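Trainee: this is a predicted model, with the sequence first.
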Amino acid sequence: MNRKMLQTLFVFLTVTLVLFGCESQNTENTTNNDGSKISVIASFLPMYEFTKYIAGDRADVQLMVSEGQDAHQFEPSAQDVAAVNEADVFVYSSDEMEYWTKSLFNTVENDNLIIVRAADGPEKSDTESVQVEGVADHYHTGGEIKLTAKLTGDVDYDHWHWYQRANADEEWAVVSGQGTAAFTIEAPEDSFEVRAVIYDHNHNVYAESEPVELVIDNHDSHAHEDEDHAGHEHEEHSGAQAGEEISIVGLADHYHTGDVVTLAAEMNEETEFKSWNWFIREDADHEWEAVPDQETERFEYKTTGESFEAKAVLYDHDKNVHAESQIISVIIDDHENQDPHIWLDPVLAQDQVLAIRNALIEADPDGEAVYEDNAEAFIEELKALDKEYQTTLKDAAHRAFVVQHQAFGYLADRYDLEQIAIGGLSTEVEPSPSRIAEIADLVQEYNVPVIYYQQGASSSIAQTVAAETGTETAVLYDLEVLSEELIENDLGYLEAMRHNLKALQASIK
């Protein structure tokens with residue numbers, strides 16, 4: 001047992017010290033004035049390495065997404081939440097990459113936590129504000145609510161989302177069908193809150209409004225009418241209970257095409273009935289359709305690219321409706337196929353470093369000189385890496401490469417390459433046979449010698465295309481997963497990126 005513990009400790013030290021080359025960092029003034037270190041949690045591998053390099057020994061930096069876990073599919077544990085509750089700084093790349101962070105932030109109770117979304121770069125996104133106009137004193141159920149979001153600054157962004165929640169204790173949910181600055185819905189039965197968020201061209205949050213309360217007040221007469229109506233409706237549905245008796249849990253803010261929506265229906269009161277059905281429809285203008293093989297309280301459904309509505313229905317022993325849930329909206333937002341792999345561009349990675357540096361300085365002003373020096377040193381490393389890519393690739397006649405997962409768009413754009421992806425942005429979505437055949441034709445057309453796949457992912461699709469076209473396969477590192485291979489070969493960000501450059505030369509030449 002002691003030997004096993006020593007082996008575990010050795011792996012931990014290897015990851016935290018050798019993998020990230022911390023020996024080159026500035027170690028002067030390594031602690032705060034009171035001898036303590038700030039606590040920093042970084043989401044996944046590149047964010048950890050960037051943060052560790054900048055922080056030196058002034059901070060205790062922890063990696064949340066550990067060995068073998070996929071940063072995009074990760075779900076924080078209760079221990080993770082507890083750690084963030086005690087942290088000074090939390091570093092992540094973007095909502096598109098670590099989509100689970102919104103749920104994490106809604107769960108965490110740490111008013112002093114400094115959150116840095118590194119994809120935003122060093123500029124703060126709160127320089128502009130959003131005002132919600134048109135809010136009435138109160139509304140009546142069934143009436144029309146019309147609001148308008150106004151941005152104080154003058155920018156050409158027009159990608160809006162509206163969010164709603166019942167109260168401050170609930171999580172925000174996207175309001176379907178509200179993708180502009182104008183917000184129009186039919187007033188529900190209960191008061192609720194809304195907020196408007198505008199996104200930039202990279203689907204980063206540019207500005208957002210404060211929560212606005214919309215008061216529903218039907219007065220006494222309306223309340224009696226509603227009670228009468230509810231009574232009639234109860235009779236019409238042969239004993240079906242009110243929708244609020246079933247709660248739907250697990251709904252994400254939004255999903256991407258190919259994601260699996262996993263929900264659970266929970267009865268607010270105990271019941272002996274176990275017969276469930278889940279129904280979906282495109283919107284209120286379409287009929288409900290029962291989802292095949294979804295006959296328990298759990299719902300699992302692979303998205304096809306279109307938003308939809310869903311509800312759960314519980315039946316009694318006679319197959320009569322016993323209760324049904326409120327209708328929920330499942331939002332599919334691919335952000336115009338936004339690629340979240342910003343860190344794979346050595347130039348944009350410099351902006352991420354600056355964003356992290358600024359957050360560390362905010363948390364620990366006494367360490368400003370250390371953070372400035374370490375960030376500058378790492379940026380020089382990134383500039384050198386960028387120069388290597390430019391010099392190596394600039395004169396290549398063949399500039400296309402085929403990759404299994406669409407992760408290298410930023411890299412391709414930076415160095416004027418053409419990425420041909422077999423699959424999409426999601427590693428969970430299997431390409432169709434027709435797509436594989438199409439890629440095989442492109443491989444022949446472009447005379448592509450290598451099919452690349454991502455470290456940490458299955459190479460089966462790349463192997464299939466390679467077998468059909470007589471090409472080779474090779475690995476590229478997207479650094480989404482801290483793999484055993486990275487640890488065994490002591491590959492940090494810079495080493496992995498140089499490996500990628502060497503591997504790409506088999507196609508780019």
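Mentor: Ah, there it is. No experiment lies behind these values; they were computed from the predicted model shown.
Trainee: who does the lengthiest helix in the chain touch, helix- and strand-wise?
Mentor: In the chain, taking DSSP state H as the definition, the longest helix is helix 368-393. Identification of packing neighbours for helix 368-393 by 3 or more Cβ pairs under 8 Å, 6 or more residues apart in numbering; DSSP states H and E yields helix 45-55, helix 346-363, helix 493-504. Placement of C-beta: from N, CA and C, glycine included.
Trainee: and the residue nearest to G409 when sequence neighbours are not counted, what is it in contact with?
Mentor: Nearest non-adjacent residue to G409, counting by Cβ to Cβ, 6 or more residues apart in numbering: D339, 4.0 Å away. Applying Cβ atoms under 8 Å, 6 or more residues apart in numbering, we find D339 in contact with 406-407, 409-410, 425.
Trainee: scan those and report the most crowded one.
Mentor: A407 (25 neighbours; other Cβ atoms under 10 Å).
Trainee: pretty sure that one sits in a helix.
Mentor: No. A407: not assigned to a helix; according to DSSP: H, G, I helix; E, B strand; the rest coil it is coil.
Trainee: gap between it and D120?
Mentor: Noted for A407: a distance of 20 Å to D120, by Cβ to Cβ, to the nearest Å.
Trainee: ok, back up a step: can you lay out the helices and strands packed on helix 368-393 as a markdown table showing distance to S209 and mean pLDDT?
Mentor: A markdown table is the format used below for these (distance: least, Cβ to Cβ, whole Å; pLDDT from 0 to 100):
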| stretch | distance to S209 | mean pLDDT |
| --- | --- | --- |
| helix 45-55 | 28 | 97 |
| helix 346-363 | 23 | 95 |
| helix 493-504 | 37 | 97 |
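Trainee: out of these, deepest packed?
Mentor: Across these, the average number of neighbours (mean count of other Cβ atoms under 10 Å) peaks for helix 45-55, which reaches a mean of 27.
Trainee: which outside residues touch it?
Mentor: Contact with helix 45-55 is made by 16, 19-22, 25, 40, 42, 59, 61, 63, 65, 71, 91-93, 118, 343, 349, 352-353, 356-357, 360, 371, 374-375, 377-378, 479-482, 486, 492-493, as judged by Cβ under 8 Å, 6+ apart.
Trainee: which among those residues end up buried?
Mentor: By neighbour count, with 16 or more other Cβ atoms under 10 Å, the contacts of helix 45-55 hold 19-22, 25, 40, 42, 59, 61, 63, 65, 71, 91-93, 118, 343, 349, 352-353, 356-357, 360, 371, 374-375, 378, 479-482, 486, 492-493 as buried.
Trainee: now the residue nearest the centre of the chain: phi and psi?
Mentor: By Cα atoms, centre = their mean, the chain has its centre lying nearest to Y99, at 1.8 Å. Phi and psi for Y99, reported as degrees, to the nearest 10, are phi -60, psi -20.
Trainee: my guess is it contacts I331. True?
Mentor: No. Between Y99 and I331 there is no contact under Cβ atoms under 8 Å: 11.9 Å.
Trainee: what touches both of these two?
Mentor: Residues touching both Y99 and I331 (Cβ under 8 Å, 6+ apart): 253-254.
Trainee: how is the chain partitioned into domains?
Mentor: The chain breaks down by automatic domain parsing into domains covering 130-219, 239-253+255-330, 395-509.
Trainee: deepest in the core, which of the ones you listed is it.
Mentor: Mean neighbour count (mean count of other Cβ under 10 Å) peaks for domain 395-509 among those, with a mean of 18.
Trainee: and it, how far from the chain's centre?
Mentor: Mean C-alpha position of domain 395-509 versus that of the full chain (Cα atoms, centre = their mean, to the nearest Å) differs by 22 Å.
Trainee: quick revisit: any idea how far Y92 is from the residue nearest to the centre of the chain?
Mentor: In terms of Cβ to Cβ, Y99 sits 10 Å off from Y92.
Trainee: same check, this time on I508
Mentor: Relative to Y92, I508 is positioned 31 Å away (Cβ to Cβ).
Trainee: so which residues of the stretch 151-300 of the chain form strands?
Mentor: 159-165, 173-174, 182-186, 192-199, 205-208, 212-214, 246-249, 260-267, 275-281, 289-290, 298-302 (DSSP state E, counting those that start in this stretch).
Trainee: what are the pairing partners of the last one, and which direction each?
Mentor: Pointing back at strand 298-302 there. strand 260-267 (antiparallel) (DSSP bridges).
Trainee: which other residues reach the partner strand?
Mentor: Strand 260-267 is touched from outside by 245-252, 255, 276, 297-303, 310, 312, 314, 323, 325, 328, 330, 428, with contacts defined as Cβ under 8 Å, 6+ apart.
Trainee: where does the stretch 251-400 of the chain dip in pLDDT?
Mentor: For the stretch 251-400 of the chain, applying pLDDT under 70 flags the ranges 334-338.
Trainee: change it to 90
Mentor: Within the stretch 251-400 of the chain, the stretches with pLDDT under 90 are 251-262, 267-272, 274, 283-285, 302-306, 326, 331-340.
Trainee: ok, now the stretch 401-509 of the chain?
Mentor: In the stretch 401-509 of the chain, residues with pLDDT under 90: 402-407, 420-448, 451, 453-473, 481, 483-490.
Trainee: tell me the spacing between K146 and Q164.
Mentor: 15 Å.
Trainee: how about S103?
Mentor: Distance of S103 to Q164, computed by Cβ to Cβ: 17 Å.
Trainee: for Y301, what are its contacts?
Mentor: Y301 makes contacts with 260-261, 278, 280, 291, 294, 310, as judged by Cβ under 8 Å, 6+ apart.
Trainee: of the residues you listed, closest to D441?
Mentor: Closest approach to D441 among those (Cβ to Cβ): V260, at 30.1 Å.
Trainee: picking up where we left off before, can you redo the helices and strands packed on helix 368-393 as CSV with distance to D416?
Mentor: Below are these laid out as CSV (distance: least, Cβ to Cβ, whole Å):
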stretch, distance to D416
helix 45-55, 23
helix 346-363, 13
helix 493-504, 13
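Trainee: out of those, the one nearest E86 is which?
Mentor: Of all those, helix 346-363 comes closest under Cβ to Cβ, at 13.3 Å.
Trainee: list the helices and strands that closest one packs on?
Mentor: Using 3+ Cβ pairs under 8 Å, 6+ apart, the elements in contact with helix 346-363 are strand 38-42, helix 45-55, strand 89-92, strand 114-117, helix 368-393, helix 409-414.
Trainee: possible to save these as CSV with distance to Q454?
Mentor: Formatted as CSV, those follow (distance: least, Cβ to Cβ, whole Å):
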stretch, distance to Q454
strand 38-42, 21
helix 45-55, 13
strand 89-92, 20
strand 114-117, 23
helix 368-393, 19
helix 409-414, 13
